[in-house]
Every structure is written in structure tokens, then in C-alpha cells.
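S.K.: Task: produce atomic coordinates for the following.
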Amino acid sequence: MADENEEIEEGADGEEAEGGKKKPGIMKLALFIGLPVLILVLGGAAAFLLLSGGGDDADQLAEAGEHGEATDDHGGGGSHGSGSGADLAVATLPDLIVSITDANGRNSLLTLQLSFETPDEHLLESLVEEDGETLTADGRRLVDLYMGFLRELRPDDLSGSAGYQRIRMELLRRAQLVLGEERVSAVLITNVLIV
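M.R.: The predicted model follows:
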């Protein structure tokens, strides 16, 4: 009987040992196979998002360079009905001067000179009076929207071509809100000065 009890105890110990080995084995298997698979899936998703997101901006920049106009798929803008840059007029706003603050709290003056590509050759007349300096009601509304946006910028926002493209698209969206989508096809930043 003592021998039977010892065998039962050994059998129980053996089952516990085997059971104990199986669970860590499953955990190790999950860690060694599941974790790398998860990392690969997340890395692939991140790479896809980074590569596909940058392609839109690059395509827009390429189109802007080829056709002389910018497109904006997200803001509803872009060129409507004008096939080439040859039939677009250019309207230039008076210089915009706004105070901006950098990350350290120092103030700088941002001076922007903007032009609009437009199929409407009378657009400038709807923004600026005949003297060339006094803004009309639409011109004042547009400058007000621009000033609110520009005051929130930091000098770092204007660094690099991607920064300029983002700002141009924001300025275009605001111009199209005030003047109408069909009247402004692109905003051109013709001069920038930060002092």
C-alpha cells in the first residue's frame, strides 16, 4: 500500500510538472510567435499610413508645379473649370503684417505678400478699392480670417516646403470661404519675412 501511495504521489507530481510545463510552453509560444507577428502588423500599418499620407502632398506639389495651380481634395477647393494656368488672372493683396510668438515666448513680425490665382479677372476689384491700399468689405473679412490664423503660427510652422504647402492650403480654404470656391483656385505666397 505504501508503494501505491508513493506511485500516486509521483503520478500527481508528474502531472503537476507536466501541467506546469505546458502552460509556460503556451505562454512562451505566444510570446515568441504572437509578439513578433503583432509588431510586424503594427509596423506595416504605420509604414502604410506614413507612406500613403505623404504621397498626397507630394502629388499635389507635383501637380502644382506642372499645371501652375494647386489642388485641394480635402477642402473642396482646387481649380474648377480652368484647364490651364494661361487663362487665370492674378490678384495681389496688400502686404499682411502680423505679430507671431515662438516657443520661447519671443515676438516676431511676420510679413506676408499673397497673390490669388483666379479665373475672375475682377477679383482684385472686389478686395481692394481703386487706390490699391483700401480694402473693401470682402477684403476686410478675408484679412480678418487671415490674421486670426496667422497669429497662431509659430516661426517653425513656416519651415520647409511641407509647412508652406500646409499654410497655402489653409489660406486657400479661408479665401474660398469668403469669396467662393469658384473665384479662387490657388493662393501664392510671393514674399515672406520674419523679423
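
S.K.: Can you tell me the element residue 120 falls in?
M.R.: For residue 120, there is no host helix or strand (DSSP states H and E).

S.K.: which residue ranges form the strands in this structure?
M.R.: 89-92, 96-101, 107-118, 186-194 (DSSP state E).

S.K.: will you turn those into a markdown table that also has distance to residue 49?
M.R.: Heads up, the C-betas are built off the backbone N, CA and C, glycines and all. Shown next, in a markdown table, are those (distance: least, C-beta to C-beta, whole Å):
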| stretch | distance to residue 49 |
| --- | --- |
| strand 89-92 | 37 |
| strand 96-101 | 31 |
| strand 107-118 | 32 |
| strand 186-194 | 28 |
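
S.K.: Using TSV, lay out these together with mean pLDDT.
M.R.: Listed next are the strands of the chain as TSV, based on pLDDT from 0 to 100:
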stretch	mean pLDDT
strand 89-92	88
strand 96-101	92
strand 107-118	91
strand 186-194	90
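
S.K.: Mind splitting this structure into its structural domains?
M.R.: As given by automatic domain parsing, the domain ranges for the chain are 1-67, 85-194.

S.K.: Out of those domains, indicate the one that is most buried.
M.R.: domain 85-194 (a mean of 16; mean count of other C-beta atoms under 10 Å).

S.K.: Dihedrals phi and psi, residue 121?
M.R.: phi -70, psi -10 (degrees, to the nearest 10).
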